[in-house]
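In: Structure, please.
(one chain, ligands or ions: 1)
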Amino acid sequence: MEKAWWKESVVYQIYPRSFCDSNGDGIGDLKGITNKLEHIKELGANVIWLSPVYESPNDDNGYDISNYRGIMKEFGTIEDFDRMLEKAHSLGLKIMMDLVVNHTSDEHPWFVESRKSKDNPYRDYYIWRDGKEGKEPNNWGSCFSGSAWNYDESTDQYYLHLFSKKQPDLNWDNPKVRREVFDMMNWWCEKGIDGFRMDVISMISKVPGLPDGPVGASGYGSFGPYSVNGPHVHEYLQEMNREVLSRYDLITVGECSGVTVDEAKKYASSSGKELNMVFQFEHMDLDSGESFKWNHNKIKLTELKKIMSKWQTELEGKAWNSLYWCNHDQPRMLSRMGNDSDEYREISAKMLATCLHMMQGTPYVYQGEELGMTNYPFTSLSEFRDIESINAYKELTEKGIIEPDAMFDYISYKGRDNARTPIQWDDSKNGGFTTGTPWIPVNPNYVKVNAKEQYTREDSVFNYYKKLISLRKQNPIIVYGTYKLLLPDSEELYVYTRTLDDRKILVICNYAEKEVAFELPEEFSGEERTIWIGNYKREKADKKMVLKPYECMVIG
Ligand code: NOJ
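Out: The predicted structure follows:
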């Protein structure tokens, strides 16, 4: 397999609004990030994925951009950005920018022009259609509830928005739009940034005619079949690769909801014509139900293993995996897949991390994950900030599709705000995130769950992540080894091997809150075998073991 620095990297995702506030306005900012870069350096990650910091009216926390070359006022200035980039580079940290180009903000000058008249030069930058019999052009629902179309009185047409109505979709079939995007990307590359994480990039090409989609629980049609992995998406990404990506040494990852293994082989083919890797969502969708993500389902371990193993084995040698359990759009992994009780919070956080970080691919650590941060204990609707949760609650309860109490429970459990509460730096007021009033409440468990306490405690989650990351750096088998699943039918244990040349390691993870017996395969029982890392104090792996609740170990 061909080696590459981005395959050997570990990425740390920063959600700037919630990372560190330097000026007391309650909102994280670039100076705050600059002040805390040592945290990431110390952890051992070498790439930072920076969620959007561009100018934005903040309808979707920066994923609605009104100026691609400017910085959001609350976050600072372009000079602050330059200083952050310079310090990051001096510490050996690379910066991967979030590239949000499926849509802009409705306050972007292109859209301001576009909506002025049907013959405006920017009209075709967006997707405008006539209504059908006084209604929307088709039945598509938006990801943030309601129709995916918004009526604009001044020109008597509708524009498409797969997300909020303040996020109109760009028309990628227009070569001028592609040129603008590529120029902007080159501008950032010339500034010295190191890569792009591409927001919903699988959705940029829509099927002509925009046909109605199959109707779901909300009463709207799904745009998926006609807007995900659309007819020209690979052509446009290859063009982007020729015009931008191939000119620099970048790390690139495409956010590709709805991507299949076969599609991923095109997006992230080892031939290098498009992207380095994709974020797939099949494992994140395992606990979805009839009403999309809003439920309290648990992920079944056998299903999780099936999906992860499929991606591990089928991409091998053909494309490259990204590895993640969490990001700013998901609940905290610990509360979803582990156990956030006092007894098992740290133990299960380490187990989940081990299970992921020993796989083949580039691991992503979402801010706070390295501290074992948990979901927020919501008690009132007023604590929510996220447009997705707020709109879904309104729509599904008003239509009588889900009872208010149940829906409150679902958004509390699955809502994106869980991942967006501020980083807990220490046990001072607001967890040391801000001296002002935080834009979103800080999780009250900051008193015991915080970075300061963990830096010096040898067995902390932070120090465990550090060790995991340094093992990966020292052992190519963790990066490049071939993956093989053992015990596929176990509902408690996730066990797999990694093999490189004549070397083999074994990863054992107990996902259950109980003791589980495990017999070590003969080839791992030799005297020369040691436990590389584990989350309990166990000197040696015995032939017959009783694994403790959430116990994990790597035998090398
Ligand atoms: C995916 C992003 O990760 C999410 O936060 C955002 O709301 C949508 N794309 C729209 O940009």
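In: Please save the CA atoms from stretch 115-123 in CSV.
Out: C-alpha atoms of stretch 115-123 as CSV (Å, rounded to 0.1, in the frame of the first residue of the first chain):
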residue,chain,number,x,y,z
ARG,A,115,-32.6,37.2,-6.0
LYS,A,116,-32.8,40.7,-7.5
SER,A,117,-34.1,39.7,-10.9
LYS,A,118,-34.4,36.7,-13.3
ASP,A,119,-31.8,38.3,-15.7
ASN,A,120,-29.3,39.2,-13.0
PRO,A,121,-25.8,37.8,-13.9
TYR,A,122,-25.8,35.9,-10.6
ARG,A,123,-29.3,34.4,-11.1
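In: what comes up buried for it?
Out: By neighbour count on 16 or more other C-beta atoms under 10 Å, the buried set for stretch 115-123 is 115, 122-123. Where you see a C-beta, it was placed from the backbone N, CA and C, and this is true even at glycine.
In: Same check on stretch 468-486?
Out: So stretch 468-486, judged by 16+ other C-beta under 10 Å, has buried residues 468-469, 471-472, 475, 477-483, 485.
In: Looking at the buried residues of stretch 115-123, which is nearest residue 142?
Out: Nearest to residue 142, judged by C-beta to C-beta, of the buried residues of stretch 115-123 is residue 115 at 17.8 Å.
In: in the sheet, who's paired with the residue nearest to the closest one when sequence neighbours are not counted?
Out: Nearest non-adjacent residue to residue 115, counting by C-beta to C-beta, 6 or more residues apart in numbering: residue 152, 5.6 Å away. Residue 152 has these beta-bridge partners by DSSP bridges: residue 157.
In: returning to what we had before: turn the buried residues of stretch 468-486 into CSV, including pLDDT.
Out: Output for the buried residues of stretch 468-486, formatted as CSV (pLDDT from 0 to 100):
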residue, pLDDT
468, 98
469, 98
471, 98
472, 98
475, 98
477, 98
478, 98
479, 98
480, 98
481, 98
482, 98
483, 98
485, 98
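In: thinking again about what came up before, for the residue nearest to residue 115, which residues are in contact?
Out: The neighbours of residue 152, taking C-beta atoms under 8 Å, 6 or more residues apart in numbering as the test, are 115, 158-159.
In: do residue 229 as well
Out: Neighbours of residue 229 in contact, by C-beta under 8 Å, 6+ apart: 202, 256, 258-260, 263.
In: Intersect the residues you listed with the contacts of the ligand.
Out: Near the ligand, taking C-beta under 6 Å from any ligand atom as the test, no member of these is found.
In: Pull up the per-residue confidence for the spatially most central residue of the chain.
Out: In the chain, the C-alpha nearest the mean C-alpha coordinate belongs to residue 327, at 3.6 Å (C-alpha atoms, centre = their mean). The confidence metric pLDDT takes the value 98 at residue 327.
In: Give me the distance between the lengthiest helix in the chain and the centre of its chain.
Out: Using DSSP state H to define each element, the chain has its longest helix at helix 175-191. How far helix 175-191 lies from its chain's middle: 24 Å, per C-alpha atoms, centre = their mean, to the nearest Å.
In: Check stretch 148-165 too.
Out: 28 Å.
In: can you pull the buried residues of that stretch?
Out: 148-150, 155, 157-165.
In: residue contacts, the residue in the chain positioned nearest to the ligand?
Out: Residue of the chain nearest the ligand, by C-beta to the nearest ligand atom: residue 63 (3.4 Å). For residue 63, the contact set (C-beta under 8 Å, 6+ apart) comprises 52, 56, 98, 100, 163, 167, 199.
In: same question, residue 136
Out: 147-149, 151, 158.
In: Phi, psi for it please.
Out: phi -60, psi 150 (degrees, to the nearest 10).
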